[in-house]
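Novice: Give me a model of this one.
(2 chains)
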Amino acid sequence: MELNELEQQRFEKMSRLQEAGHSPYPHRSHRSHTVQAALADFEAAEKTATEAPVVTVAGRIISIRVMGKVAFAHIEDGSGKLQLFLRQNELGEEALALFKKVFDLGDFAEAHGVLMRTRTGEISLQAHTVTMLAKAITPLPIPKEYEGHDGQLTRYSAFSDVEERFRQRYADLAVNAEVREIFRTRSRMISALRTWLDEHEYLEVETPVLQPIYGGAAARPFTTYHNQLKQQLYLRISFELYLKRLLVGMYERVYEIGRDFRNEGVSYKHNPEFTQLELYCAYTDLQGMMETTEQMIAYTAQHVLGTYEIPFKGQLINLTPPWRRIKLRDIILTGTGIDYTTFPDAESLRTVMRQRGYDAASTASWGHLVDNLLSEVEPSLIQPTFVYDYPIEISPLAKQKSDDPTHVERFELFIGGMETGNAFTELNDPFEQEKRFVNMGTEQADEDDESHPMDEDYLRAMKYGMPPNGGFGMGIDRLAMLLTDKHSIREVLLYPHLRAKE
RNA sequence: GGGUCGUUAGCUCAGCCCGGUAGAGCAGGGGCCUUUUAAGCCCAGGGCCACAGGUUCGAAUCCUGUACGACCCA
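Specialist: Model (predicted):
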């Protein structure tokens, strides 16, 4: 192991510790209190004027101030931080000297002693013993913090290099408490979604990640190979087709929270693998899905943040149901002045788009162009909005409107200027579904990128009879962005994908 | 894929325009200091200036390319 100068120094301190008869990596801690519990116990004792508690706390040393025969340090655990007051009178000369010589910022240590208040009023542990729990060899970039009179926390040279934070997420988490909080919020969010779904009789299921035929969305897959089966497999791009098969199998409400993989570009709202929630509910339709969606998300916000009003990018998003509902045609017409329904083919739509100054690739299909127009208005959809009635061309798994066969019962959900969800009255007519697959197939021949292959087994399932149902899918990462006011998907992924270095 | 910007000490940054061989604060090392909290004071360290070429007597600095990243556009 190659050590730089600073690491070499710490390595030598480790040896000194061993020479003094202590292990730098002992087997166990004897913690009696978390920091939070210690603070609570002390305050309780103060109130009742009983003896100050004797505790053992453990954690990472995040500050040290040595002043001769006394030293102060802060120790941080998962619950908070506590000042240690290390006095020669209490510790003994040898122990204090050892602390000063071999303990560094970043080390895990444990301290045993009695709680007290210092002259400035800070609750502190007057340490009788200090023990190393795990020596840190590489110095953590622990910032200095300063709390102003107004309680405002100022931080000096915090570890902020975006690339290094993501490449060494452990260091990022170790020194940036607010980053730890993001993933707590994310976890509470997923837990709240599960609670809501469980309470509404949804059954959580798991379907294959490795699929012989990918489907359910328009995206390029990752490809892999099973050696023994001698079979090409794909990492799933959605769960849709497997979940809907379960409705054929007589489950009425199912959901899955899991990872999808799309072999496409990386951006502030795209990562090659991302977490998706999909749910399907028999005997309901698009209208029911709208209600389900707004109830579920509003519940989640309430449970995670305690409010329906969430700050995002300097604006306040109000998630109180019911949410705005607007037709795709109308939102595009208002935003761009183009009524796509009057330009029913790619050629005429492309022409009018170019006239109005919008980009319209010559290779793009009509559906693709409509999608481009929607992208133009997407950033303005800050408050939660269901955009509904989509052209059939870009919705091969949704059921047609009974009064307009050119459009399907589908909505996309926009919040904070991002597409966060997608739902249909699901197509359950096997003959119509087969036609759609075939049509998609011929379109791919033209476009060649986002293929949507025929899934014979899915059609077979549907031929057994699939109840009418509504389905909804949502990007969990995007919802996490909204609830944490983070503007890049990487901030809400513990290990976002980065290009390999060297 | 295109454009713009960035990469200098463990961390956060200055230096680059206008070329002369590397700076600060924090962290670390050696001292002083028994209630500090960005503790303070004294002393001495620490760098393949992302990488590879080019221009030049001389390059962190100017030019070209590569890698990685950020932002914008497609």
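Novice: and A:Ile394, how many neighbours?
Specialist: Neighbourhood size, A:Ile394 [other Cβ atoms under 10 Å]: 18. C-betas here are computed from N, CA, C, even on glycine.
Novice: Run through the residues that contact it.
Specialist: Residues in contact with A:Ile394, defined by Cβ atoms under 8 Å, 6 or more residues apart in numbering, are A:218, A:367-368, A:370-371.
Novice: pLDDT wise, what is it at?
Specialist: What the model reports as pLDDT for A:Ile394 is 87.
Novice: By residue count, tell me the biggest helix in chain A.
Specialist: Using DSSP state H, we find that the single longest helix of chain A is helix A:177-199.
Novice: With just CA atoms, put it into PDB.
Specialist: What follows is helix A:177-199, C-alpha atoms only, in PDB (Å, rounded to 0.1, in the frame of the first residue of the first chain):
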ATOM      1  CA  ALA A 177     -23.700  15.800   7.200                       C
ATOM      2  CA  GLU A 178     -26.300  17.400   4.900                       C
ATOM      3  CA  VAL A 179     -25.400  14.800   2.300                       C
ATOM      4  CA  ARG A 180     -26.200  12.000   4.800                       C
ATOM      5  CA  GLU A 181     -29.500  13.700   5.300                       C
ATOM      6  CA  ILE A 182     -30.400  13.500   1.600                       C
ATOM      7  CA  PHE A 183     -30.300   9.700   1.700                       C
ATOM      8  CA  ARG A 184     -32.200   9.600   4.900                       C
ATOM      9  CA  THR A 185     -34.900  11.600   3.200                       C
ATOM     10  CA  ARG A 186     -34.800   9.300   0.200                       C
ATOM     11  CA  SER A 187     -35.200   6.300   2.400                       C
ATOM     12  CA  ARG A 188     -38.100   7.800   4.300                       C
ATOM     13  CA  MET A 189     -39.700   8.600   1.000                       C
ATOM     14  CA  ILE A 190     -39.500   5.100  -0.300                       C
ATOM     15  CA  SER A 191     -40.700   3.800   3.000                       C
ATOM     16  CA  ALA A 192     -43.700   6.200   2.800                       C
ATOM     17  CA  LEU A 193     -44.600   5.100  -0.700                       C
ATOM     18  CA  ARG A 194     -44.500   1.400   0.400                       C
ATOM     19  CA  THR A 195     -46.700   2.200   3.400                       C
ATOM     20  CA  TRP A 196     -49.200   4.000   1.200                       C
ATOM     21  CA  LEU A 197     -49.300   1.200  -1.300                       C
ATOM     22  CA  ASP A 198     -49.500  -1.500   1.300                       C
ATOM     23  CA  GLU A 199     -52.300   0.300   3.000                       C
END
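Novice: contacts for it?
Specialist: Residues contacting helix A:177-199 (Cβ under 8 Å, 6+ apart): A:165, A:172-173, A:204, A:255, A:257, A:277, A:279, A:295-296, A:299-300, A:303-305, A:476, A:479-480, A:483-484, A:486, A:491-492, A:494.
Novice: one more time with 6 Å, if that's ok
Specialist: Contacts with helix A:177-199, where a contact means Cβ atoms under 6 Å, 6 or more residues apart in numbering, come from A:172-173, A:255, A:296, A:299-300, A:303-304, A:480, A:483-484, A:492.
Novice: Which phi and psi values does the residue in the stretch 1-150 of chain A positioned nearest to RNA strand B adopt?
Specialist: For the stretch 1-150 of chain A, the residue positioned closest to RNA strand B under Cβ to the nearest atom of the strand is A:Gly68, at a distance of 2.4 Å. Main-chain dihedrals, A:Gly68, degrees, to the nearest 10: phi 80, psi -120.
Novice: Compute the number of surrounding residues for it.
Specialist: Using other Cβ under 10 Å, A:Gly68 has 8 other residues around it.
Novice: repeat for A:Phe108
Specialist: Here the number of neighbours of A:Phe108 (other Cβ under 10 Å) works out to 19.
Novice: Who is it paired with across the strands?
Specialist: For A:Phe108, the beta-bridge partners are A:Arg60, A:Ala134 (DSSP bridges).
Novice: my read: it touches A:Ala134, true?
Specialist: Yes - assessed by Cβ atoms under 6 Å, A:Phe108 is found in contact with A:Ala134 at 4.0 Å.
Novice: Against A:Ala97, how distant is the residue of the stretch 1-150 of chain A closest to RNA strand B?
Specialist: In this view, A:Gly68 and A:Ala97 are 11 Å apart by Cβ to Cβ, to the nearest Å.
Novice: got it, and A:Ser32?
Specialist: As for A:Ser32, its distance to A:Ala97 is 26 Å (criterion: Cβ to Cβ).
Novice: Please apply the same query to A:Val492.
Specialist: 46 Å.
Novice: of those two, who's got more company?
Specialist: Taking other Cβ under 10 Å, A:Val492 and A:Ala97 do not tie; A:Val492 has more neighbours (24 against 14).
Novice: Can you classify the closest residue to the more buried one other than its chain neighbours as helix, strand or coil?
Specialist: Excluding its sequence neighbours, the residue lying closest to A:Val492 (Cβ to Cβ, 6 or more residues apart in numbering) is A:Ala480, at 4.0 Å. Three-state call for A:Ala480 (DSSP: H, G, I helix; E, B strand; the rest coil): helix.
Novice: how many other residues sit next to A:Ala480?
Specialist: For A:Ala480, using other Cβ under 10 Å, the count is 23.
Novice: do the same with A:Pro396
Specialist: Using other Cβ under 10 Å, A:Pro396 has 21 other residues around it.
Novice: Chain neighbours aside, what residue packs nearest to it?
Specialist: A:Arg436 is the one closest to A:Pro396 (Cβ to Cβ, 6+ apart), at 4.2 Å.
Novice: hang on, that neighbour packs against A:Leu397?
Specialist: No - in this structure A:Arg436 lies outside contact range of A:Leu397 using Cβ under 6 Å: 7.5 Å.
Novice: mind listing the strands for the stretch 1-150 of chain A?
Specialist: A:54-66, A:70-77, A:80-87, A:108-117, A:123-134, A:144-147 (DSSP state E, counting those that start in this stretch).
Novice: and the gap between the residue of the stretch 351-500 of chain A found nearest RNA strand B and A:Phe166?
Specialist: Closest residue of the stretch 351-500 of chain A to RNA strand B, Cβ to the nearest atom of the strand: A:Arg499 (3.2 Å). Look at A:Arg499 and A:Phe166: by Cβ to Cβ, they are 11 Å apart.
Novice: repeat for A:Gly121
Specialist: 39 Å.
Novice: go on, A:Tyr234?
Specialist: Applying Cβ to Cβ, the value for A:Tyr234 to A:Phe166 is 27 Å.
Novice: Ends of stretch A:463-471, what's the gap?
Specialist: This stretch, stretch A:463-471, spans 19 Å end to end (Cα to Cα, to the nearest Å).
Novice: and that stretch, which residues are buried?
Specialist: Of the residues in stretch A:463-471, A:466, A:469-471 count as buried by neighbour count, 16 or more other Cβ atoms under 10 Å.
Novice: again with stretch A:333-349
Specialist: With burial defined by 16+ other Cβ under 10 Å, the residues of stretch A:333-349 counted as buried are A:333, A:335-336, A:338, A:340-341, A:343, A:346, A:349.
Novice: Redo these as TSV? Include pLDDT, distance to A:Gly80 and secondary structure.
Specialist: TSV is the format used below for these (pLDDT from 0 to 100; distance: Cβ to Cβ, whole Å; DSSP: H, G, I helix; E, B strand; the rest coil):
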residue	pLDDT	distance to A:Gly80	secondary structure
A:Leu333	94	54	helix
A:Gly335	91	48	helix
A:Thr336	91	52	helix
A:Ile338	93	56	coil
A:Tyr340	93	56	helix
A:Thr341	93	59	helix
A:Phe343	93	61	coil
A:Ala346	89	60	helix
A:Leu349	92	59	helix
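Novice: quick revisit: would you tell me what the next helix or strand after the strand or helix carrying the residue nearest to A:Pro396 is?
Specialist: Using DSSP states H and E, A:Arg436 sits in helix A:430-447. Once the chain leaves helix A:430-447, the next helix or strand it forms, by DSSP H and E, is helix A:456-463.
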